[in-house]
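>>> Sequence first, then the predicted structure:
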Amino acid sequence: MADGSLWRLSGTPTFTLTVYPNRWLLQPGTDGKGRVVVGSREGFTDTVALRLIGFPATIPTDLMTTPVTAGQHVTFTLQIAAEAIPGIYPATLLGTSGTVTQTAPLTVSIVTELQTDYLLIVRSESPQH
C-alpha cells in the first residue's frame, strides 16, 4: 500500500472433506468400512452435515447426517447387497454447513471375484492408523 501498511488478506473460513478409502473393491454380499475426515481451513469451527449421494439401492450405507464438527472424523459402512450387479458405481460425499458446501468423490467397484493383485492396490491406498 502507498502508506506503507501491511495488509493480510485472509480467506473465508471453510472446511474440507476427505474419504478413506475413496475407491472400493467389493463383492456382492460383503461390506467395507470407511472414514470421513472433516478438516478446518481459516479457523472454521462449525458443524457439517454429511450425506452420500449417487449409489443405487443395492449399496446402502450407515453414514448418517448427524453433524460432525470440523477437525473430527466419522466412520461408516458400505453394504453391498447380494443381488448387486457387478460394475463401477461413482458417488459423491456431500458436506453442508450453512451456505458452504464441499464434496468428495468415491467409487465402488463391485466384482464377482477378488484377485490378489486388486487387494494390494486397495490396501496401499488405505491410511495406516
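Arrived safely.
>>> contacts and neighbour counts: CA atoms only from here.
Noted.
>>> what's the nearest residue to the residue nearest the centre of the chain if we skip its chain neighbours?
Among the residues of the chain, residue 19 comes closest to the average C-alpha position under C-alpha atoms, centre = their mean, at 3.0 Å. Using C-alpha to C-alpha, 6 or more residues apart in numbering and skipping the chain neighbours, the partner closest in space to residue 19 is residue 36 (4.6 Å).
>>> And for residue 16?
Leaving aside its chain neighbours, residue 16 sits nearest to residue 39 (4.7 Å; criterion: C-alpha to C-alpha, 6+ apart).
>>> which SSE is the one you found in?
Using DSSP states H and E, residue 39 falls within strand 31-41.
>>> Quick check: next helix or strand after that strand?
strand 47-53.
>>> Using CSV, write out every CA atom in that following strand.
Output in CSV follows, covering the C-alpha atoms of strand 47-53 (Å, rounded to 0.1, in the frame of the first residue of the first chain):
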residue,chain,number,x,y,z
THR,A,47,-20.6,-28.4,12.3
VAL,A,48,-21.0,-30.1,8.9
ALA,A,49,-23.9,-32.4,7.9
LEU,A,50,-22.8,-35.3,5.7
ARG,A,51,-24.7,-37.2,3.1
LEU,A,52,-23.7,-39.8,0.5
ILE,A,53,-25.5,-39.4,-2.9
